[in-house]
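**Q** okay, here's the prediction I keep looking at, along with the sequence it came from:
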Amino acid sequence: MSAAGHGRLSRSASSIVAKQVNGFHLLRIDGYSQTKTVLPGQKLSSQQFTFGGYSWRIDYYPNGRDPSAESNAMSVYLQLIGHNQRLQARYKFSLLDHDGVAAYELPAETGSFTSVAYPDVDSLPGSRRPVQTAVDEQGPGCGHDEFIGTEELERREHLIRDDSILLRCDVGVTQIEESWLAREEPNNSELTWEEAYGYDAPPRSQRPRRQDDGEYIKQCMTQQPGGRLRFRR
């Protein structure tokens with residue numbers, strides 16, 4: 001490949017960094033015994049929360065998610081909130097005891113999420129909302145149809161305190177960061193340093209020599225993402 005223009009190749013390098021980020025949301029359900037009057041297929045939802053650059057909520061079905069079944073177990077689901085978003089995430093649900101320690105949990109799973117719109121809900125603390133059914137929105141989220149049986153939950157007295165239970169949902173997503181590793185120093189016959197870098201242009205006495213391609217590639221291989229490549233003089 002021959003150099004274009006002034007006989008010299010233009011060079012630059014960028015990076016994509018993928019990393020796992022983890023967090024959790026707590027949903028305290030006060031008046032647990034009263035939530036059992038909610039019909040099968042109807043849900044109670046947490047406030048919308050943000051994690052990993054995405055918005056989420058937890059859906060709690062006291063008597064199961066299937067409206068056609070008489071379930072003796074609660075269902076719990078994690079929903080991605082937004083517009084036309086798709087995402088793969090790792091999730092795990094657990095119930096905490098009086099000391100805030102996970103005393104009941106199901107294994108972590110990885111699921112594919114398709115976002116749903118938040119249906120006309122005030123996100124301010126203390127807001128009231130109607131009980132919703134599973135078919136109010138498209139997109140099932142990811143979770144467990146039979147998270148824990150009602151009899152089993154009530155038999156484990158350390159999970160219920162003052163008619164309250166505490167549900168924890170752990171979420172893990174892959175976060176992508178993009179940045180420059182290096183941008184070619186300007187060719188004197190093309191852009192000036194000031195035109196290319198503006199106020200960041202170094203003093204003339206500190207402007208480095210141009211590395212050969214081998215030096216340039218080796219330094220790009222070790223450069224930390226987000227930093228500016230330092231050329232040796």
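**A** Nice, thanks for sending it over. Numbering: from 1, shown residues only.

**Q** for the nearest residue to residue 168 once chain neighbours are set aside, give its distance to residue 101.
**A** In this structure, residue 168 finds its nearest non-sequential neighbour in residue 94, 4.8 Å apart by CB to CB, 6 or more residues apart in numbering. Using the backbone N, CA and C atoms, a C-beta is placed for each residue, glycine as well. Here the criterion is CB to CB, to the nearest Å. By it, residue 94 lies 9 Å from residue 101.

**Q** for the residue nearest to residue 168, name its beta-bridge partners.
**A** residue 105, residue 168 (DSSP bridges).

**Q** residues contacting it?
**A** By CB atoms under 8 Å, 6 or more residues apart in numbering, the contact set of residue 94 is 102, 103, 104, 105, 106, 167, 168, 170.

**Q** just checking, residue 30 touches residue 163?
**A** Yes. Assessed by CB atoms under 8 Å, residue 30 is found in contact with residue 163 at 7.0 Å.

**Q** show the pLDDT at the residue most central in space within the chain.
**A** Closest to where the C-alpha atoms of the chain average out (CA atoms, centre = their mean) is residue 52, at 3.1 Å. We have a pLDDT of 89 for residue 52.

**Q** do the same with residue 227
**A** Looking at residue 227, its pLDDT is 47.

**Q** among the contacts of residue 94, give me the pair with the biggest separation.
**A** Spanning the widest gap among these are 103 and 170, at 15.0 Å by CB to CB.

**Q** low-confidence ranges, this protein, go.
**A** For the chain, applying pLDDT under 70 flags the ranges 1-9, 118-140, 183-210, 225-233.

**Q** name the element the spatially closest residue to residue 96 that is not a sequence neighbour belongs to?
**A** Using CB to CB, 6+ apart and skipping residues adjacent in sequence, the residue nearest residue 96 is residue 166, 4.4 Å away. Assigned by DSSP states H and E, residue 166 falls within strand 164-183.

**Q** check residue 217 too.
**A** Here residue 217 is assigned to helix 213-222, by DSSP H and E.

**Q** check which residues of that helix are buried.
**A** By 16 or more other CB atoms under 10 Å, the buried positions in helix 213-222 come out as 216, 219, 220.

**Q** from the residues you listed, which is closest to residue 56?
**A** Among these, residue 220 lies closest to residue 56 (CB to CB), at 37.0 Å.

**Q** the residue nearest to residue 96 reaches residue 28, doesn't it?
**A** Yes. With contact defined as CB under 8 Å, residue 166 reaches residue 28; the gap is 5.2 Å.

**Q** of these two, which one has the most company?
**A** Set side by side, residue 166 and residue 28 show more neighbours around residue 166, with 20 against 11, by other CB atoms under 10 Å.

**Q** for the more buried one, give me its contacts.
**A** Counting by CB under 8 Å, 6+ apart, residue 166 has contacts 26, 27, 28, 29, 95, 96, 100.

**Q** among the residues you listed, which ones are in strands?
**A** Among the contacts of residue 166, the members found in strands (DSSP state E) are 26, 27, 28, 29, 95, 96.
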